[in-house]
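Peer 1: structural data only, the sequence is not supplied:
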């Protein structure tokens, strides 16, 4: 009797090959998906290029003038420690802002376009790198599309075109986007933790989101016996807790920022927390410059755009808690504004909350609603194209006034060097995309 050889199809890879053949899309479907992805990449890149073309029209506000003089007088080290330990505990955000202003003083130039371009490039690199680490399909197109949506969904003037805001908000936003993409896929835990630390040390709202998420991860992973991961998230939680503690005991203990004392909300946590609920509920369905109906439709469509990604029971819990952490941090941002200012200040905070809501909805949609990749990419392409078309009049307006903004900014810089104790400060035209002036006439 001949010898019988039993072949293990799993070990030889025959099953894998047969599965691959069965799952490989038809050539026509594959070409269709590639075309849709290419169009998404193109419209996202076009959007980014149009918005990036306005970077040189960014401008300084009171913070830059005050902090630049502070650095000139006392040095970068004094500025950094004062800000981090007493006023704004953002080690990364304040280091970037202080270094930028110190370089501006050294070269005697505002360097606004250069500073913003570098921040945008870093944010894009972080997003694309995270999508690659997560091994998502169409990773570059997905990262560019979400970045483009962040510019289109709300007025980006202060967050993206004001250096003092951008040095804190953009690194935080890029880190949030990185965490979202890596949780959708299977990004390395160490990379997720590093992104959480970047969030926490860039901006206070990022610290709140990182702290809430890390606490949930510590509970989940300690129950699962994942000791190394538990320690990593514990370290990130401590970094976020430091920022929250310094904020509560220092900046929030001051009353110098109250803008509307008549509201009765300033310095009252309970009233601010209650008042923030309806405000934040409206912001969830809001899209800048559009009626409520279209805001609801656009926000609902975000639930159709998230890739299914990691939908294992463990991955499902991590991603669900991430959306929860983003929404809690966004709501607390409203609470903090009401407590600190007495009203729902400011444009940059509203914009940043819209970015958090964007990521929370896209991530949540990938968990609840699984759409085929071609349909998902097509919907995302149509949404970006429609919003870009709606923003075209504002873009045209700002490209028209861009030369005047640059000329007035150059005049003001030279006027500041005159020997006279007084200077003429020209008010540049107001932008619809770029940040407006905050200096009143006179």
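Peer 2: Right, received. Where do you want to start? Small disclaimer: the values here were computed from a predicted structure and weren't measured.
Peer 1: all helices for the stretch 101-250 of the chain, in order.
Peer 2: 112-134, 139-152, 157-161, 163-184, 189-200, 204-223, 227-249 (DSSP state H, counting those that start in this stretch).
Peer 1: quick one, the fifth one and helix 204-223 angle?
Peer 2: Orientation of helix 189-200 against helix 204-223 (axes from the mean of the first three to the mean of the last three Cα atoms, to 10 degrees) gives an angle of 150 degrees.
Peer 1: what helices and strands are in contact with helix 189-200?
Peer 2: helix 112-134, helix 163-184, helix 204-223, helix 227-249 (3 or more Cβ pairs under 8 Å, 6 or more residues apart in numbering; DSSP states H and E). Quick note: C-beta positions are derived from backbone N, CA and C, even for glycine.
Peer 1: again, only using 10 Å
Peer 2: Contact partners of helix 189-200 among helices and strands, from 3 or more Cβ pairs under 10 Å, 6 or more residues apart in numbering; DSSP states H and E: helix 91-107, helix 112-134, helix 163-184, helix 204-223, helix 227-249, helix 313-341.
Peer 1: which one of these lies closest to residue 299?
Peer 2: Evaluated with Cβ to Cβ, the helices and strands packed on helix 189-200 place helix 313-341 nearest to residue 299, the distance being 12.6 Å.
Peer 1: turn the helices of the stretch 101-250 of the chain into TSV, including mean pLDDT.
Peer 2: Listed next are the helices of the stretch 101-250 of the chain as TSV, based on pLDDT from 0 to 100:
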stretch	mean pLDDT
helix 112-134	95
helix 139-152	94
helix 157-161	94
helix 163-184	95
helix 189-200	96
helix 204-223	94
helix 227-249	94
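Peer 1: among those helices, which is the most enclosed?
Peer 2: Most buried of these, by mean neighbour count (mean count of other Cβ atoms under 10 Å): helix 163-184, with a mean of 27.
Peer 1: want to throw the helices of the stretch 101-250 of the chain into TSV with distance to residue 262?
Peer 2: Shown next, in TSV, are these (distance: least, Cβ to Cβ, whole Å):
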stretch	distance to residue 262
helix 112-134	36
helix 139-152	34
helix 157-161	25
helix 163-184	27
helix 189-200	34
helix 204-223	26
helix 227-249	25
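Peer 1: nearest to residue 382, out of those helices?
Peer 2: Between residue 382 and these, the shortest gap by Cβ to Cβ is with helix 139-152, which sits at 11.4 Å.
Peer 1: looking at the helices of the stretch 101-250 of the chain, which is nearest to residue 333?
Peer 2: Closest approach to residue 333 among the helices of the stretch 101-250 of the chain (Cβ to Cβ): helix 204-223, 4.8 Å.
Peer 1: right, and residue 284 touches residue 298 too?
Peer 2: No - using Cβ atoms under 10 Å, residue 284 makes no contact with residue 298, being 11.6 Å away.
Peer 1: of all the helices of the stretch 101-250 of the chain, which lies closest to residue 373?
Peer 2: helix 139-152 (10.5 Å).
Peer 1: show me what that closest one is packed up against.
Peer 2: Where contact means 3+ Cβ pairs under 10 Å, 6+ apart, helix 139-152 is packed against helix 27-52, helix 112-134, helix 157-161, helix 163-184, helix 292-302, helix 347-368, helix 373-415.
Peer 1: re the thing from before, I'd like to know which of the helices and strands packed on helix 189-200 is closest to residue 273.
Peer 2: helix 313-341 (5.1 Å).
Peer 1: list the buried residues of the closest one.
Peer 2: Buried residues in helix 313-341, defined by neighbour count with 16 or more other Cβ atoms under 10 Å: 315, 318-341.
Peer 1: could you find the closest non-adjacent residue to the residue minimising distance to the centre of the chain?
Peer 2: Centroid-nearest residue in the chain: residue 173, 2.2 Å away (criterion: Cα atoms, centre = their mean). Once flanking residues are discounted, residue 173 sits nearest to residue 355: 5.4 Å by Cβ to Cβ, 6 or more residues apart in numbering.
Peer 1: confirm for me that the one you found is in contact with residue 154.
Peer 2: Yes - applying Cβ under 10 Å as the test, residue 355 and residue 154 come out as touching, 7.5 Å apart.
Peer 1: which residues touch residue 347?
Peer 2: The neighbours of residue 347, taking Cβ atoms under 10 Å, 6 or more residues apart in numbering as the test, are 154, 155, 156, 157, 158, 159, 162, 165, 288, 435, 436.
Peer 1: swap the cut-off to 7 Å and go again
Peer 2: Contact analysis of residue 347 by Cβ atoms under 7 Å, 6 or more residues apart in numbering lists 155, 157, 158.
Peer 1: dump those to JSON lines, plus distance to residue 292.
Peer 2: Converted to JSON lines, these look like this (distance: Cβ to Cβ, whole Å):
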{"residue": "155", "distance to residue 292": "17"}
{"residue": "157", "distance to residue 292": "22"}
{"residue": "158", "distance to residue 292": "23"}
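Peer 1: quick one: which of those is nearest to residue 87?
Peer 2: Using Cβ to Cβ, residue 158 is the member of these that lies nearest residue 87, at 18.5 Å.
Peer 1: can you pull the pLDDT of the residue lying closest to the closest one once chain neighbours are set aside?
Peer 2: Nearest non-adjacent residue to residue 158, counting by Cβ to Cβ, 6+ apart: residue 348, 3.7 Å away. In this model, residue 348 is scored at 92, pLDDT.
Peer 1: OK, contacts around residue 348?
Peer 2: 158, 159, 165, 169.
Peer 1: next, format those residues as CSV and append distance to residue 209.
Peer 2: Listed next are those as CSV, based on distance: Cβ to Cβ, whole Å:
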residue, distance to residue 209
158, 20
159, 16
165, 18
169, 13
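Peer 1: any low-confidence regions in the chain?
Peer 2: The chain contains residues with pLDDT under 70 at 1-29, 255, 310, 437-438, 440, 442.
Peer 1: apply 80 and report the result again.
Peer 2: 1-31, 254-256, 306-315, 366-371, 418-421, 435-442 (pLDDT under 80).
Peer 1: gap between stretch 110-130 and the chain center?
Peer 2: 12 Å (Cα atoms, centre = their mean, to the nearest Å).
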